[in-house]
Structures are given as C-alpha cells and as structure tokens.
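**Student:** fold the following and give me the result.
(one chain, ligands or ions: 1)
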Amino acid sequence: MKGIVPEKWDMEYDVVVVGWGSAGTAAAVTAHDQGARVLILEKMAKGGGNSSICGGNIIVPKGKEFLEYLDTLSFKTTDREILEAFVNEALQNGDWIRQMGADIQVFRPLEVAYPTMIAGAGFPHVKGAENVVKYNIKGTPEEGKPSQRLWKFLSGLVAKRGIQVLTSTPARELVPNERGEIVGVIAEREGKAIAIKARRGVILTCGGYENDPWLKWDYLPVKPLSFLGTPANTGDGIRMAQKIGADLWHMTRLACLIGFKAPEFEASFWVAFLSEGFFFVDKYGRRFVNEAGIEIHEYYRELSHFDMEKMEYPRVPLWAIFDEQTRKRGPLSRGTAGYNRDLYNWSLDNSAEIAKGWIQQGKTVGELASKISVDPKVLEKTLARYNQLCKSGKDEDFGRPREDLRPLEAPFYAIQLWPSLINTQGGPRRDKEARILDPDGKPIPRLYAAGELGSIWGFLYQGACNIGEALVFGRIAGKNAAAEKPWS
Ligand SMILES: Cc1cc2nc3c(=O)[nH]c(=O)nc-3n(C[C@H](O)[C@H](O)[C@H](O)COP(=O)(O)OP(=O)(O)OC[C@H]3O[C@@H](n4cnc5c(N)ncnc54)[C@H](O)[C@@H]3O)c2cc1C
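**Tutor:** The predicted structure is shown next:
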C-alpha cells in the first residue's frame, strides 16, 4: 500500500520499536548493539506489558528434537522452517541471558495447585517432549517473583544502553512511502500526532488483543472472554498492519485458563485451588470435566461447548464448588502472576472475599445453590454423586485420578469463573526473518514483528514458549531491521 510521507518529521531514528515488553526489549537491545539508533514507543506510563506480570517461564529446549514436538503441536499451521528458526535460536536463549548479565534456573513449581502449573511438557506423550525445559531468571523469592526478576533484567538492558523510550506515546499508524516501504510511524503524545522517521525499519511488538471486545468476540472460540494480563494490549498492531496490507494468521488462537472477574477490576484474577477439595459445574449445576486433568493453557477447549438448543455456552460462566478445608488451605488467587497481582492482596483464608460477596457460602449445598441461582436439586445430586465417586476412589464420570479426589463436607462455597485469556496469539503473519508478509506471502519492506503479536503458535501451545518466542523473534527482528540500508 502506498502512503503519504510527511514533509517534516518530528524525530528521526534508525529503528523504531512499537511496544515495550520482552519482544520489544530483545529487538531494541539487539538493534542497538548492532549500531542502530533506536527508539521505543510505549503506550502506557511504564513498560512491561504482559511480560512483567506473567509466570516468568522461558523455554530453553534441551536439544534440536524439540522441533519434532513443536511440529506436531503446530498441526501444520506454522511452516516447519519457521519452527526450525525458532528452535535454533531458542537453544541460545540461556546463553543470550548470560551474555546480557543475568543467569537462569530451572522452573520448579513451589506447590501443587489445580489447574496444575507443570515444569515440563504440556503434552508429554508427543515425540520430542523430553526436550521441554522451562527456566526463569535466577533469583530467590525475596528478589521478586519470576516475572518481576525478568522485567528488572530486561528493562535494565534498555536503561544501561541509554535507549530512548517514549512512554505514554501509543503508535497510531505506520507510514508507507510510494514504494510501499515502511519509513516511519505516527504516534500520539500529549494529545498531538508526532511523525517519527525510521531510517532502517519498524518493529511491531505491541502485543495481542486480550482487551479488544470485538476482536475477541469475532475470532475466539468461546464467548465472552475476560483477560488476566495487561489491559493495554488492544490489538493496535493488528489494525496498523492491516491498514498497510499485511496478512493475518493464528487469529483464532489463544492461551486461556479460568479467572474470577470482579466488576471493579479491569482484569480477572487467576484462580487456582491448593487442595483437591473442589469440583466445577456449569450454569445448571452439572459437573462436566476431570478438573485435575486440563492442560493449563488449553482450558477454553473444555468451556467452548455450545448448546445449540439453548443457543448459549452452558459452561460460561462456570462455578467452582469447594469446602471449608479448601477455603482454609490458602488464597484462591495467589498473586503469582496477572495484572491484579500488584493491585489487590487476596486474603490468605479467602474470608475477605466472602465478606465482599466474591465467594458465596452455604451451610448446606441447597442453600449455596439458591445463592448462585442453580436448581438446588441438581446441585445436591451433583455433590452426592461426586462424593460417592471420591469414596469409591474411581471417577467413573470424568476420570479424575484417585489422588485428586476428596469428598466435600459442609459448609460449602462457590466462586464464579470465566474463561480468562493468558494471551492471544494472532496478528500479522511473519516469516523466519521476522518480516511481516502481505497476503501473497511477500515481505512488506522494512516492517518486522515479534512476540505475541502474530506469534508463531498456531494450534496447541506449549507453556513458556511465548516469552521464549518474544526473546527469539525480538532478536531476529532487531538484527534484521538494524541491517537494512537507510532509505535516505
Ligand atoms: C498471567 C500470565 C502468565 C503468563 N505466564 C507466562 C509464562 O510463564 N511464560 C510464557 O512464555 N508466557 C507467559 N504468558 C504470556 C506472555 O507473558 C506474553 O505472551 C508475552 O509477555 C508477550 O510479550 P510481548 O513483548 O509480545 O508483549 P507484552 O509484554 O504484552 O508487551 C506489549 C507492549 O506493547 C504496548 N502497546 C500496546 N499497544 C501499543 C501501541 N499502540 N503503541 C505502543 N505500545 C503499545 C503494551 O502497553 C505493552 O507494554 C503469561 C501471560 C499472562 C497474562
């Protein structure tokens, strides 16, 4: 697409990076270290995006056979050569982090929780799964949660190099010249448009569309969806890239689990149970799944069942039913990750959330059912059946393993849960050089992308690969953009 190049630019850099998360940092630092003058544009008052509030796990595969695993998971939605480029570079993730002055340690979950955060492969039966190893930035809990350590490390790299960052400055449009090359960005600063010339290239790293209601409603397989991460990721990069003729891919893909949504908070709270004393029911009080057996990033698959008679998703929202022992075992939202982590401290015994009405309580299951507008007879029957299965040690209905079964005792509690996005994966399609492509598969000159904006994860997702991918394609994009010949 041809555009109008402004007669006068307000600023001039070699490489302009849009969005300051892990992909933006890896891109900016790499381009800077290749000698480019780099500007980072960030929409919010501070950087970090999802990267600063995530679980902090980073993939560093054990060996090249990781490619076979990813190839199976991708179900041919991503070309093998792109996956190969990813694996080759991901093998270097640990070395890159060490070169940059930090170190890594293997991720080990501190406690058993449901949904289970697993250290290894999400799909252990798939060939090559033994190559999955998740790491985080080395440090103790006193030095911060894993993603706090990650962001301290990444933001430190930008500060150390004196790379210019303009915060509270969202990018609004890309500027193509008469040859269709992307030669700059129009951003908004203090209510005014500023034109920034990019002599070598522009790199989009401005995240997915977790907080764009329409894109979510239109593309994603379960509705409505809340989100756990930053409210800032509203699909801006998708619209900017579409306007200049980019192809899109992986738009229906997501990593998603369950969360509690309080009206006074924009994002959902990540909910996990520290005791096996709970089960899930749909809107009607019916159990529907082995609650202990869902792959943590693929939760939506269990929630996306659509009832065509009733024209609704009966499992959206769902309810978790639990008992006193589970209530006392620990907070339902532990604040390990998510946007609300830094905004609210969930009480250790969940009592504050009961007082707020976020958690409903009943002396009997019938009383609880009435409070959550479920037919008491149905919930009583579900509980009786569940307790009977627990006592027999065999979940004949959904196959929940014996060690994850414990009968529930009064008093009972319920919390309403929604499918909640970890992140979306779709956006502008890119090649192994991180170049954004048009619908004919031709690179749009001087335009690159990295991170969850058009990520390479097109079907099943392996945990720790989003940060891993943001670092990998950030480095590839930074290197290639810096190597472009200046256009004037
Ligand atoms: C609760 C949670 C746990 C997770 N745990 C893990 C994990 O353990 N391991 C893993 O691999 N992945 C995990 N993820 C996913 C992972 O965090 C993200 O996919 C990854 O951080 C994406 O990095 P990014 O740099 O592409 O985007 P982000 O880190 O989200 O950065 C995008 C940036 O772009 C900015 N931006 C948006 N629009 C504009 C605009 N118009 N102009 C300028 N700036 C803009 C945003 O403000 C933001 O700062 C988790 C996510 C969440 C929410």
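**Student:** residues contacting the closest residue to the ligand within the stretch 51-200 of the chain?
**Tutor:** Per C-beta to the nearest ligand atom, Gly55 is where the stretch 51-200 of the chain lies closest to the ligand, at 2.6 Å. Any C-beta I mention is one placed from the backbone N, CA and C, and that applies to glycine too. Neighbour list for Gly55: 117, 146-147, 336-337, 463-464 [criterion: C-beta atoms under 8 Å, 6 or more residues apart in numbering].
**Student:** for the ligand, tell me which of the residues you listed show up nearby.
**Tutor:** Residues of the contacts of Gly55 in contact with the ligand (C-beta under 6 Å from any ligand atom): 337, 464.
**Student:** and the contacts of Gly55, which of them are in strands?
**Tutor:** With strands taken from DSSP state E, there is no overlap with these.
**Student:** among the contacts of Gly55, name the buried ones.
**Tutor:** Neighbour-count burial (16 or more other C-beta atoms under 10 Å) applied to the contacts of Gly55 gives 117, 146-147, 336-337, 463-464.
**Student:** adding pLDDT and distance to Lys377, write the residues you listed out as CSV.
**Tutor:** What follows is those, written out as CSV (pLDDT from 0 to 100; distance: C-beta to C-beta, whole Å):
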residue, pLDDT, distance to Lys377
Met117, 73, 36
Pro146, 96, 46
Ser147, 97, 45
Thr336, 90, 38
Ala337, 95, 39
Gly463, 97, 40
Ala464, 97, 44
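**Student:** count of residues packed around the residue of the stretch 151-300 of the chain found nearest the ligand?
**Tutor:** In the stretch 151-300 of the chain, the residue found nearest to the ligand is Gly229; the distance is 2.8 Å by C-beta to the nearest ligand atom. For Gly229, the count of nearby residues is 28 (other C-beta atoms under 10 Å).
**Student:** next: the one 4 residues further on.
**Tutor:** Burial of Asn233 is recorded as 26 neighbouring residues (other C-beta under 10 Å).
**Student:** what sits closest to it if chain neighbours are left out?
**Tutor:** Once flanking residues are discounted, Asn233 sits nearest to Gly207: 3.5 Å by C-beta to C-beta, 6 or more residues apart in numbering.
**Student:** related to what we said a few turns ago, which phi and psi does the residue of the stretch 51-200 of the chain closest to the ligand have?
**Tutor:** Reported as degrees, to the nearest 10, the phi and psi values for Gly55 are phi -70, psi -20.
**Student:** sorry, back to before: specify the local secondary structure of the residue nearest to Asn233.
**Tutor:** With DSSP: H, G, I helix; E, B strand; the rest coil as the basis, Gly207 sits in coil.
**Student:** mind starting the numbering at 671 from now?
**Tutor:** Taking 671 as the first residue, the last one we looked at is Gly877.
**Student:** quick check: it touching Gly689?
**Tutor:** Yes: assessed by C-beta atoms under 8 Å, Gly877 is found in contact with Gly689 at 6.0 Å.
**Student:** what is in contact with the two at once?
**Tutor:** Joint contacts of Gly877 and Gly689 (C-beta under 8 Å, 6+ apart) are 719, 907, 1121, 1123.
**Student:** okay if I get those residues as JSON lines plus distance to the ligand and neighbour count?
**Tutor:** Formatted as JSON lines, the shared contacts of Gly877 and Gly689 follow (distance: C-beta to the nearest ligand atom, whole Å; neighbours: other C-beta atoms under 10 Å):
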{"residue": "Gly719", "distance to the ligand": "2", "neighbour count": "30"}
{"residue": "Gly907", "distance to the ligand": "7", "neighbour count": "28"}
{"residue": "Gly1121", "distance to the ligand": "2", "neighbour count": "35"}
{"residue": "Leu1123", "distance to the ligand": "6", "neighbour count": "33"}
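**Student:** wait, doesn't Trp1028 sit right on Ile1085?
**Tutor:** Yes: Trp1028 is within contact range of Ile1085, at 6.9 Å (criterion: C-beta under 8 Å).
**Student:** who touches both of those two?
**Tutor:** By C-beta under 8 Å, 6+ apart, the residues touching both Trp1028 and Ile1085 are Phe930.
**Student:** comparing those two, which residue is more hemmed in?
**Tutor:** A direct count of neighbours by other C-beta under 10 Å for Trp1028 and Ile1085 places Ile1085 higher, at 25 against 18.
**Student:** is the one helix or strand that one maps to anywhere near the ligand?
**Tutor:** Per DSSP states H and E: Ile1085 is located in strand 1082-1094. Yes: using C-beta under 6 Å from any ligand atom, strand 1082-1094 reaches the ligand at 1092-1093.
**Student:** that strand: how far from the chain's middle?
**Tutor:** Strand 1082-1094 sits 15 Å away from the centroid of its parent chain (C-alpha atoms, centre = their mean, to the nearest Å).
**Student:** does that strand pack against any helices or strands, and if so which?
**Tutor:** When contacts are defined as 3 or more C-beta pairs under 8 Å, 6 or more residues apart in numbering; DSSP states H and E, strand 1082-1094 sits against helix 883-889, strand 896-897, strand 924-930, strand 988-993, helix 994-999, strand 1029-1032, helix 1035-1041.
**Student:** turn the ones you listed into CSV, columns for mean neighbour count and distance to Leu780.
**Tutor:** Formatted as CSV, the helices and strands packed on strand 1082-1094 follow (neighbours: other C-beta atoms under 10 Å; distance: least, C-beta to C-beta, whole Å):
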stretch, mean neighbour count, distance to Leu780
helix 883-889, 15, 32
strand 896-897, 26, 25
strand 924-930, 26, 18
strand 988-993, 23, 21
helix 994-999, 18, 14
strand 1029-1032, 19, 24
helix 1035-1041, 19, 31
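**Student:** make a markdown table from the ones you listed and add distance to the ligand to it.
**Tutor:** Below are the helices and strands packed on strand 1082-1094 laid out as a markdown table (distance: least, C-beta to the nearest ligand atom, whole Å):
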| stretch | distance to the ligand |
| --- | --- |
| helix 883-889 | 13 |
| strand 896-897 | 7 |
| strand 924-930 | 7 |
| strand 988-993 | 18 |
| helix 994-999 | 22 |
| strand 1029-1032 | 21 |
| helix 1035-1041 | 29 |
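**Student:** could the ones you listed go into CSV alongside mean pLDDT and distance to Asp977?
**Tutor:** CSV is the format used below for the helices and strands packed on strand 1082-1094 (pLDDT from 0 to 100; distance: least, C-beta to C-beta, whole Å):
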stretch, mean pLDDT, distance to Asp977
helix 883-889, 98, 18
strand 896-897, 98, 21
strand 924-930, 96, 19
strand 988-993, 98, 14
helix 994-999, 98, 29
strand 1029-1032, 98, 24
helix 1035-1041, 98, 20
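**Student:** next one: the following helix or strand past the strand holding Ile1085 to chain centre, how far?
**Tutor:** Going down the chain from strand 1082-1094, the next helix or strand is strand 1097-1098, by DSSP H and E. Its chain's C-alpha centre and that of strand 1097-1098 lie 15 Å apart, by C-alpha atoms, centre = their mean.
**Student:** related to what we said a few turns ago, how about the nearest residue to the residue of the stretch 821-970 of the chain closest to the ligand, chain neighbours excluded?
**Tutor:** Nearest non-adjacent residue to Gly899, counting by C-beta to C-beta, 6+ apart: Asn720, 4.1 Å away.
**Student:** is it true that that neighbour touches Cys876?
**Tutor:** No: with contacts counted by C-beta under 8 Å, Asn720 stays clear of Cys876, the gap being 11.1 Å.
**Student:** any residues in contact with both of those two?
**Tutor:** Shared contacts of Asn720 and Cys876, defined by C-beta under 8 Å, 6+ apart, comprise Asn903.
**Student:** thinking again about what came up before, turn the helices and strands packed on strand 1082-1094 into a markdown table, columns for distance to Leu1013.
**Tutor:** Formatted as a markdown table, these follow (distance: least, C-beta to C-beta, whole Å):
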| stretch | distance to Leu1013 |
| --- | --- |
| helix 883-889 | 21 |
| strand 896-897 | 14 |
| strand 924-930 | 14 |
| strand 988-993 | 22 |
| helix 994-999 | 23 |
| strand 1029-1032 | 18 |
| helix 1035-1041 | 27 |
